[in-house]
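Peer 1: Quick one: sequence plus predicted model below, questions after.
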Amino acid sequence: MRAFLVACAAALCLLAATAFGSTGSGHGHASAASAKSASASSASGVAEAKKLIAGYLKAPTGTVPGLAPLTTKPPSGKTVLYLDNGTLPSIAVGDGVEAAAKALGWKFEHLSAGATPPDISKAWSEAVQLAPSVVMGCGNPNVLFSAQLAQLKAKGIPYVGCAVDETPKGDEIATVLNAAQYVAWGKWQARWIVAHSNGHADTAEIHLLAVPILNVLISSFGAEYKRLCPSCKLRVIDVTGAQIGTAVPSIVVSAVQRDPTLNWLSLDVGDLSLGVPQALAAAGLSHRVTWVSNAGSQRNFADIISGVESAELPFASHEIGDLMVDAYIRHIEGLPIPESDYGSFPGQFFDKQNTPRPPVAYTGPPGVLAQFLKLWKVVK
């Protein structure tokens, strides 16, 4: 029905344009002027994007933010329980938390909460029963386990969050990797596409539903994309976690087949490209489209080296895990928790020139945990 109404509206517009051709010529001049202005703005945006990207291809240094050193070594005998949301980046953050906890001589437990409300509720109820020293979680918003957070709070068990668009309001002592980082990633992905398309991008944003903080990323992406390139096209394609590696490849192929000008993809997370290169190759469309994403895996880096993916914003999973542990340490020692230092941190692009060979999983700049252990007075 909606398609029918759209078609009718288009037909009426065509009739009106024909009937009032003498008055429509002025609109034609206005449209041409508008298009010329958009083209000029896009050229300026391309130059700006290229300049910004040139400085974002080097590995960051001094990765530990401006955190004050502890006055004493953290206490022993703690147990850290971590819950992931089923995605590879969330699982990788758990690996970082585990490495930091074990370096402190603490016990570590790991639960997979998944991404569906029933699974999340069940896993968090189990966390309450296990009653660890601290609970840490990544990727699922507090509203999905608010009852369990209240139970943990009643037991005096703190919670450290990650990759959620929330600020501490009594339920969590800190949020690591908050909305500020996703705003930054959205902007950088837009800059990459505008720069490398020379202002001739027709982009599909592949958006993963059910992860609320990713709404921040696509909003930031869209705003920066249109600011830098008013003449560039953009549409959003929503997908679910269950479709990763199954339906997403065919969804991408169909989108490319429907629109012969579509030439770029912006992926909310690197996982979304699973199976896409193979599907495009089978359809004879590999030459038509490339993409940029963030928080990718070793597979994404291999795709960059082979030339099917353009670039990746790597995910410093272990550094994020270190920061989550740092927040808990400062909490138990009664120190101020520097929330602003946990929200976002320096990054870089990996492209075909600087991606490590052979491709390996990226966990963050080398030596980060060692820097934290010095900060925590564990080593000199």
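Peer 2: Looks like it arrived, so ask away. As the structure is a prediction and not an experimental result, all values here were calculated from the model.
Peer 1: Please make it C-alpha for all contacts and neighbour counts, starting now.
Peer 2: Noted.
Peer 1: for the protein, what spans make up the strands?
Peer 2: 79-84, 107-112, 134-137, 159-162, 174-176, 202-208, 233-239, 264-267, 290-294, 311-313 (DSSP state E).
Peer 1: between the ones you listed, which gets the lowest average pLDDT?
Peer 2: Looking at the strands of the chain, the lowest mean pLDDT belongs to strand 174-176 (a mean of 92).
Peer 1: who touches that strand?
Peer 2: Contact with strand 174-176 is made by 159-164, 166-168, 320, 323-324, 327, 337, 339, 342-344, as judged by CA atoms under 8 Å, 6 or more residues apart in numbering.
Peer 1: Pull up the gap between residue 353 and residue 69, please.
Peer 2: Distance of residue 353 to residue 69, computed by CA to CA, to the nearest Å: 37 Å.
Peer 1: What of residue 45?
Peer 2: For residue 45 relative to residue 69 (CA to CA), the value is 42 Å.
Peer 1: Settle it for me: which of the two has more neighbours?
Peer 2: Between residue 45 and residue 69, residue 45 has the larger neighbour count (other CA atoms under 10 Å), namely 24 against 13.
Peer 1: per-residue confidence for the more buried one?
Peer 2: 97.
Peer 1: what's near enough to touch the residue lying closest to it once chain neighbours are set aside?
Peer 2: Counting by CA to CA, 6 or more residues apart in numbering, residue 45 lies nearest to residue 228, which is 4.0 Å off, once chain neighbours are set aside. By CA under 8 Å, 6+ apart, the contact list for residue 228 reads 41-42, 44-46, 48-49, 191, 194.
Peer 1: biggest separation within these, which pair?
Peer 2: 41 and 191 (14.1 Å; CA to CA).
Peer 1: how much space is there between residue 302 and residue 43?
Peer 2: From residue 302 over to residue 43 the distance is 32 Å, taken as CA to CA.
Peer 1: And for residue 58?
Peer 2: Separation of residue 58 from residue 43 (CA to CA): 25 Å.
Peer 1: For the protein, which segments count as helices?
Peer 2: 2-19, 21-54, 88-103, 117-130, 146-154, 179-196, 213-228, 248-258, 276-282, 298-306, 317-332, 339-343, 368-375 (DSSP state H).
Peer 1: out of those helices, which comes closest to residue 207?
Peer 2: Closest approach to residue 207 among the helices of the chain (CA to CA): helix 213-228, 7.4 Å.
Peer 1: could you give the angle of that closest one to helix 179-196?
Peer 2: 40 degrees (axes from the mean of the first three to the mean of the last three CA atoms, to 10 degrees).
Peer 1: May I see the buried residues of helix 213-228?
Peer 2: In terms of neighbour count (16 or more other CA atoms under 10 Å), helix 213-228 has its buried residues at 213-218, 220-222, 224-228.
Peer 1: Also stretch 230-243?
Peer 2: Neighbour counts over stretch 230-243 (16+ other CA under 10 Å) mark 230-234, 239, 241 as buried.
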